[in-house]
Each structure stands twice: as C-alpha cells, then as structure tokens.
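Asker: Need coordinates for the following:
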Amino acid sequence: MIRPPSPEEQEAAVKLLTSAFADDAIPVDEFERRVAEVYRAENPVVLKAITEDLPRTAAGSAVRPFDPPGSIARRPVQRVQSVLSSVERRVPGPMPERLDVRAVMGSLEVDLRRAEFPPGVTEIAIDAILGSIEIDLPEHVQVEDDGHAFLGTFSVRGRSRPRGGDAAPVVRITGRSILASVEIELDD
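Answerer: Numbers count the residues shown, from 1 in each chain. Here you go, the predicted model:
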C-alpha cells in the first residue's frame, strides 16, 4: 500500500512552486493550479510529478538567479519580491536601470534612501497583488507616477528637492496594485 505524502513533503513542494513563481518560471494561474494539486496528491510519486519539470540546484531547491557583488556597475534589471512572506530590503550603491518590485500575498519594504541614482531615468515597476509595498526614496529624485490601483491604493507622498544646481535624477514609477497597498515616500 502506498502512503499519502507527509505534510513536510507537501510543504517542500509548495516551497519549490513558490520559488518558481517568484522567479517568473511559472505564471500565477499555473502556480495556483499546482499548489491545489499538491494538496490533492494521493502519494509521494504523484507529488513529485507536480514539481518535476522545475529547474533545481544541486541542493534540490529551485534555481535562484545570482549576481556576484560588484559584477556590473549598473545592471539592467534587479528584482525584489515577496511571495507569501514579509521582506525588508535596503538597496545601497548604484541603482539598476529598472527595479522590479513584486508582492503577492506578502509585505515588502524597500529602502532606497542610500541608493545611488545616476542622471537620467530609473524605472521602478511595481506589481502588488493582495499585499503591500512600501518604498522610501531620497528627497533629491524627481518622481513620475504612472501607477494605478484596482480595489487598493497607489500613492506617492513627499516632495522632490533637487540638490542645488543639479538636475534631479528621474524615478519613473509604473505598475499596479490589485487588492493591495502601494506607498512611495520621498525622504524629508
């Protein structure tokens, strides 16, 4: 007789699926479908088949992107995300050309007050679904807000104060808040 999967085996499968979803390896509808399958799996063989196609590291966890410190002065894209969890990040040093910020049923706080914003435009793309995102920006940047909300909030508070004589770097905020809260605050 084949035994049902243990709660630990189910939890490990959900962790793999969460990592794959967070890394954009599977879309949200596929993530939701597979998580439901995990809890319906009748035995460990069926459970293993649900995550079998996901890439893995030698340790068995889903593959995560790795950027060695200082490898590129200004990366084109950097991701900060929270899926079913609470995450706090400070981003020091040079900002990437685009920062993707995602919270799905989680909370994410991103502190960019000590980040280096080069001249020109830096885009912050936000995707908040059933969660919350708070981003702190330094006062010397100029903010262009192009975010929107559906049954949620998307707000930018504070005023830009360019340094004397300098043209302020531009931070273009794009994205959405669905049943979620997004707050961008300029440091006073």
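
Asker: tell me, what residue is most central in the protein?
Answerer: The residue lying closest to the centre of the chain (C-alpha atoms, centre = their mean) is residue 81, at 2.0 Å.

Asker: Name the nearest residue to that residue, sequence neighbours excluded.
Answerer: Leaving out its chain neighbours, the residue that sits closest to residue 81 by C-beta to C-beta, 6 or more residues apart in numbering is residue 102, at 4.2 Å. For every residue, glycine as well, the C-beta is placed using N, CA and C.

Asker: hmm, back to that, what values do phi and psi take at the residue nearest to the centre of the chain?
Answerer: For residue 81, the backbone dihedrals are phi -150, psi 160 (criterion: degrees, to the nearest 10).

Asker: That one and residue 184: what is the separation?
Answerer: Distance from residue 81 to residue 184, counting by C-beta to C-beta, to the nearest Å: 17 Å.

Asker: How about residue 152?
Answerer: 14 Å.

Asker: Please apply the same query to residue 13.
Answerer: As defined by C-beta to C-beta, residue 13 lies at a distance of 36 Å from residue 184.

Asker: and what of residue 48?
Answerer: 43 Å.

Asker: just residue 118 next, same as before
Answerer: Counting by C-beta to C-beta, the gap from residue 118 to residue 184 is 19 Å.

Asker: Among the two, which residue is more densely surrounded?
Answerer: Neighbours per residue (other C-beta atoms under 10 Å) separate residue 118 from residue 184, with residue 184 holding more: 23 against 12.
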